[in-house]
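*Asks:* Next come a sequence and a model predicted from it.
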Amino acid sequence: MYTPAPLDHFENLEKQWHASRLGVWVFLGSELLLFAALFTLYFAYRAHYPDVFMAGVAHNNKILGSLNTAILLGSSLLVAIAVSLAKRGVRGLAVILTSLTVVAALLFLVVKGTEYAQHFAEGIRPGGNGTFFDEHPERGWPIFFTLYFAMTGLHAIHVIVGGALLSWTAWWMVRERVGRGGAHRLELCALYWHLVDVIWVFLWPMFYLMGGGG
Amino acid sequence: MSEKPEPVIPLVVVGVVLLALAAISFGLSFFSLGAWETPIALVIATIKALGIGGWFMELRHARVSVRVAILGAISLFVLLVGLTTLDVYTRTPAPLNVPLENSPRP
């Protein structure tokens, strides 16, 4: 059975856990600022090419984008309940819910991959490459789709990292027969997963919904 | 964010509310809301983010140091996105025109 012990430079576990939580939050803040640059580009170019951006949003597959939103929101709920159960010492169910979150991450990537495949088939590739842009020579189209691939691609990388972290934590909880004391590690991974969800909550309307009713 | 476990029922309620808000956003996207489209979509997204942050990430119970860390990042995010977008909307001639119109398509 895993029993957490404070490191030498901490007076007790409570202080150590607070320090680690604060560290993760500072990291999440830096992640937010990483995405801030791309969000800024999106809104600046949307202000400059409003018609093309609305047409681009209407062109994207709203059903697949919305399916991914439901998957991520559901997975956030699952891992939040898993943390709550882990803090109560209910290891088995916490591991099952964490594993289901990993399955949700994989589903998200499958849906995203399907969407990318559809775009490639239409001749839409990052950087304004592909036959689609010969038929749509307006300046805003390559910018819209390059931002689409950059932002959703960077987000997908975060989904992969979050899924890997949660898989490893679920395995660790089983292997070390982690009890209440190990919930903290799952909580930190869950925080990262929730940030992935929060970012998608904004990407979804930006790339799938704000298309002028299209 | 504490060692005390968050009760499960409120988490489920928040999860259902988040999915309901997503359904509302999805439904509204089929209507032409004109200039209101972007603000409405972003306000609903912000409410969802607050739900995730407040309950799932337990920010309601967070210590001051954690709140300062994340509020600082959010403030910088809003400043960067807001001021840059405002610049593009309000400056004449539009700042993005100059280099882009004279360069070949990538």
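*Replies:* All right, it came through fine.
*Asks:* buried set for the one helix or strand residue A:70 maps to?
*Replies:* In the assignment (DSSP states H and E), residue A:70 maps to helix A:62-88. By neighbour count on 16 or more other CB atoms under 10 Å in any protein chain shown, the buried set for helix A:62-88 is A:62, A:65-69, A:71-88. Any C-beta I mention is one placed from the backbone N, CA and C, and that applies to glycine too.
*Asks:* Pull the distance from whichever helix or strand comes after that helix to the chain's centre.
*Replies:* Downstream of helix A:62-88, the next assigned helix or strand under DSSP H and E is helix A:91-121. Distance, stretch centre to chain centre, for helix A:91-121: 11 Å (CA atoms, centre = their mean, to the nearest Å).
*Asks:* Tell me which other helices or strands helix A:91-121 touches.
*Replies:* helix A:62-88, helix A:140-175, helix A:183-204 (3 or more CB pairs under 8 Å, 6 or more residues apart in numbering or on different chains; DSSP states H and E).
*Asks:* Please tell me how far the residue nearest the centre of chain B sits from residue A:212.
*Replies:* Geometric centre of chain B, nearest residue: residue B:46, 4.2 Å, by CA atoms, centre = their mean. To residue A:212, residue B:46 is 21 Å away according to CB to CB, to the nearest Å.
*Asks:* List the residues that contact the closest residue to chain A within chain B.
*Replies:* As assessed by CB to the nearest CB, chain A sits closest to residue B:73 within chain B, at 3.0 Å. Listed by CB atoms under 8 Å, 6 or more residues apart in numbering or on different chains, the contact set of residue B:73 reads A:28, A:29, A:30, A:32, A:33.
*Asks:* What does the pLDDT read for the closest residue to it other than its chain neighbours?
*Replies:* The spatial neighbour of residue B:73 that comes closest, neighbours along the chain excluded (CB to CB, 6 or more residues apart in numbering or on different chains), is residue A:29 at 3.0 Å. Reported pLDDT at residue A:29 in the predicted model: 97.
*Asks:* which stretches of the chain have low pLDDT?
*Replies:* As the question left the chain open, I've gone with chain A. A:214 (pLDDT under 70).
*Asks:* wrong chain, I was asking about chain B
*Replies:* Those would be B:1-2, B:97-106, if you go by pLDDT under 70 across chain B.
*Asks:* Show me where it has its strands.
*Replies:* With DSSP state E as the definition, chain B shows no strands.
*Asks:* In it, where's the longest helix?
*Replies:* helix B:64-90 (DSSP state H).
*Asks:* tell me which residues in it are buried?
*Replies:* B:66, B:69, B:70, B:73, B:74, B:77, B:80, B:81, B:84, B:85, B:88.
*Asks:* try stretch A:6-26
*Replies:* For stretch A:6-26, by 16+ other CB under 10 Å, it's A:16, A:17, A:18, A:21, A:22, A:24, A:25, A:26.
*Asks:* now stretch A:87-102
*Replies:* A:87, A:88, A:90, A:91, A:94, A:95, A:97, A:98, A:99, A:100, A:101, A:102.
*Asks:* quick one: which of those is nearest residue B:37?
*Replies:* Distance to residue B:37, by CB to CB, is smallest for residue A:101 among those, at 32.1 Å.
*Asks:* My guess is that closest one contacts residue A:193. True?
*Replies:* Yes - contact criterion CB atoms under 8 Å: residue A:101 and residue A:193 qualify, at 6.7 Å.
*Asks:* Find residues that contact each of the two.
*Replies:* Common neighbours of residue A:101 and residue A:193 (CB under 8 Å, 6+ apart) are A:75, A:79, A:166.
*Asks:* check contacts around the last one.
*Replies:* What it means is residue A:166. So residue A:166 contacts A:79, A:98, A:101, A:102, A:105, A:189, A:190, A:193 (CB under 8 Å, 6+ apart).
*Asks:* and the spatially closest residue to the second one that is not a sequence neighbour, what is it in contact with?
*Replies:* This means residue A:98. Nearest non-adjacent residue to residue A:98, counting by CB to CB, 6+ apart: residue A:170, 4.3 Å away. By CB under 8 Å, 6+ apart, residue A:170 lies in contact with A:95, A:98, A:99, A:102.
*Asks:* now these in JSON lines, with distance to residue A:144?
*Replies:* Below are these laid out as JSON lines (distance: CB to CB, whole Å):
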{"residue": "A:95", "distance to residue A:144": "42"}
{"residue": "A:98", "distance to residue A:144": "36"}
{"residue": "A:99", "distance to residue A:144": "37"}
{"residue": "A:102", "distance to residue A:144": "32"}
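*Asks:* Helix or strand for the residue in chain A that chain B sits nearest to, just tell me which one.
*Replies:* Per CB to the nearest CB, residue A:29 is where chain A lies closest to chain B, at 3.0 Å. Here residue A:29 sits within helix A:13-48, counting by DSSP H and E.
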